[in-house]
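> Provide a 3D model corresponding to the input given below.
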Amino acid sequence: MEKNEPSLSEDPSREHPPYPVSGPGGELWMKQLENNRIREREVLESLLLSSLQEQKRNRRSRNWFRLFIVAYLMVLLWLGNLGGELPKMDQLSVKSKHVAVVNLRGVILDEMPASADTVIKGLREAFDHPDTEGVILRINSPGGSPVQAGQIYDELTRLQKRHAEMPVYAALEDLCASGGYYVAAAAPKIYADKASLVGSIGVMMQSFGLQQTLDKLGMESRLLTAGKHKGFLDPFSPVNPSEKQHAQGLLNRIHEQFIKAVEAGRGDRLKAGREELFQGLIWTGEEAVKLGLVDGLGSASWIARQLIKNERMVDFTNKEDILTRLSKGMAGAAMQALPVGETGWRWK
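Okay, here's the model as predicted:
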């Protein structure tokens, strides 16, 4: 062997050089990598735990909401079965003379508790019952559809002709305005509380205009119609003078129908002229008596006791099942949120 040849002990491949302390592959680098993995696991565990807790909270919230809905429906059912201060028509167990009361409460609109169908059904049952000695239509309404109010007015007039011997009264409560007073005018006698609000004999069509808003936003309306006036009073278009004139003519004609109904019902008892009574103002019950819109002051129970001479009052108001009332209530709320109703006009 020559001296220049390295021995086996001197072979570099036989020995491993020590790992560097820092840098990729170093001891500190490996420890840091392990620590990062531990922190990642901790973060994932924390996120998972938070997600599970959130799901539990959501389940509890849904359960509480369901319990609330069940309790709410049970309360409504309980209130619906209480019957207020008067026995219901279907609770009459023995034949006895009574005063029939029909309530008209709320906005007079189709598919609502104060719709023409609902009120008329109660009136018919009240008049047709063999033991009814008198009928009181108890009104607490801001008005509503002129069509619905007119139908109730016409039916109440027809029933009075059919039962000419039956005393009929309208008892006004907190508010009897617009279409509410239209209906009351069909009764031969009207009584109110001294603080009742009565009148508002007029008609309105409510809308709005957004054309200037669109102009400021750099927008334009692209309404397309088949029919020259199909976009009648479109809020995003300029007011068409001929359409505005046509709308005013509609309101004037409906207003005249309202006035004629009141004049037919009240006759010579009206103490003021058209310019004062039929311009949309309201008055207290005391003032309404002086104007001839109301015959006197008194409640439904006072009418039954003092005028009809029978304190036994029976509620003939037509009632719907709770689910139907709930659905109609939500639909009515949605309709009231609109600037213009389905009919396009309402009593005011």
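> where do the strands sit along the stretch 101-250 of the chain?
132-141, 168-177, 189-192, 197-199, 203-204 (DSSP state E, counting those that start in this stretch).
> would you turn these into a markdown table with mean neighbour count?
Bear in mind the C-beta positions are built from the backbone N, C-alpha and C, glycine included. Shown next, in a markdown table, are these (neighbours: other C-beta atoms under 10 Å):
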| stretch | mean neighbour count |
| --- | --- |
| strand 132-141 | 24 |
| strand 168-177 | 24 |
| strand 189-192 | 25 |
| strand 197-199 | 24 |
| strand 203-204 | 18 |
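> nearest to N103, of these?
strand 132-141 (5.0 Å; C-beta to C-beta).
> Burial check on N63, number of neighbours?
For N63, the count of nearby residues is 10 (other C-beta atoms under 10 Å).
> Check which helices and strands the host helix or strand of it sits against.
Assigned by DSSP states H and E, N63 falls within helix 27-82. Judged by 3 or more C-beta pairs under 8 Å, 6 or more residues apart in numbering; DSSP states H and E, helix 27-82 is in contact with helix 322-336.
> okay if I get the strands of the stretch 101-250 of the chain as JSON lines plus distance to R222 and mean pLDDT?
Output for these, formatted as JSON lines (distance: least, C-beta to C-beta, whole Å; pLDDT from 0 to 100):
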{"stretch": "strand 132-141", "distance to R222": "41", "mean pLDDT": "96"}
{"stretch": "strand 168-177", "distance to R222": "40", "mean pLDDT": "97"}
{"stretch": "strand 189-192", "distance to R222": "52", "mean pLDDT": "98"}
{"stretch": "strand 197-199", "distance to R222": "43", "mean pLDDT": "96"}
{"stretch": "strand 203-204", "distance to R222": "29", "mean pLDDT": "88"}
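> Format those strands as TSV; extra columns: distance to A288.
Converted to TSV, those look like this (distance: least, C-beta to C-beta, whole Å):
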stretch	distance to A288
strand 132-141	13
strand 168-177	8
strand 189-192	6
strand 197-199	4
strand 203-204	20
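> out of those, which comes closest to T284?
Nearest of the strands of the stretch 101-250 of the chain to T284, taken as C-beta to C-beta: strand 197-199 at 6.8 Å.
> ok, now which ones touch E276?
L291 (C-beta atoms under 8 Å, 6 or more residues apart in numbering).
> Check what pLDDT it gets.
Looking at E276, its pLDDT stands at 92.
> so which strand or helix has it?
Going by DSSP H and E, E276 is part of helix 274-277.
> right, and the helix or strand after that helix?
That would be, after helix 274-277 and using DSSP H and E, strand 282-284.
> helices or strands up against that next one?
strand 197-199.
> Show the secondary-structure elements that the strand it packs on is packed against.
Judged by 3+ C-beta pairs under 8 Å, 6+ apart, the packing partners of strand 197-199 are strand 168-177, strand 282-284, helix 285-291.
> pLDDT score assigned to L210?
80.
> how near is it to K216?
Noted for L210: a distance of 10 Å to K216, by C-beta to C-beta, to the nearest Å.
> now R312
Note on R312: its distance to K216, by C-beta to C-beta, is 65 Å.
> of these two, who's got more company?
Taking other C-beta under 10 Å, R312 and K216 do not tie; R312 has more neighbours (14 against 8).
> And for the residue nearest to the more buried one when sequence neighbours are not counted, the neighbour number?
Leaving aside its sequence neighbours, R312 sits nearest to H98 (C-beta to C-beta, 6 or more residues apart in numbering; 4.4 Å). As a burial measure, H98 scores 24 neighbours (other C-beta under 10 Å).
> residues in contact with H98?
Neighbours of H98 in contact, by C-beta under 8 Å, 6+ apart: 92, 131-133, 310, 312-314.
> and if we set it to 7 Å?
H98 is in contact with 131-133, 310, 312-314, counting by C-beta atoms under 7 Å, 6 or more residues apart in numbering.
> what would those residues look like in a markdown table with distance to G122?
Output for the contacts of H98, formatted as a markdown table (distance: C-beta to C-beta, whole Å):
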| residue | distance to G122 |
| --- | --- |
| D131 | 16 |
| T132 | 12 |
| E133 | 17 |
| N310 | 19 |
| R312 | 17 |
| M313 | 14 |
| V314 | 11 |
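> Show me the helices in the stretch 201-348 of the chain, by range?
Assigned by DSSP state H, counting those that start in this stretch, the stretch 201-348 of the chain shows helices spanning 211-217, 241-266, 274-277, 285-291, 300-302, 322-336.
> If anything else comes up later, I'll come back, but that's it for now.
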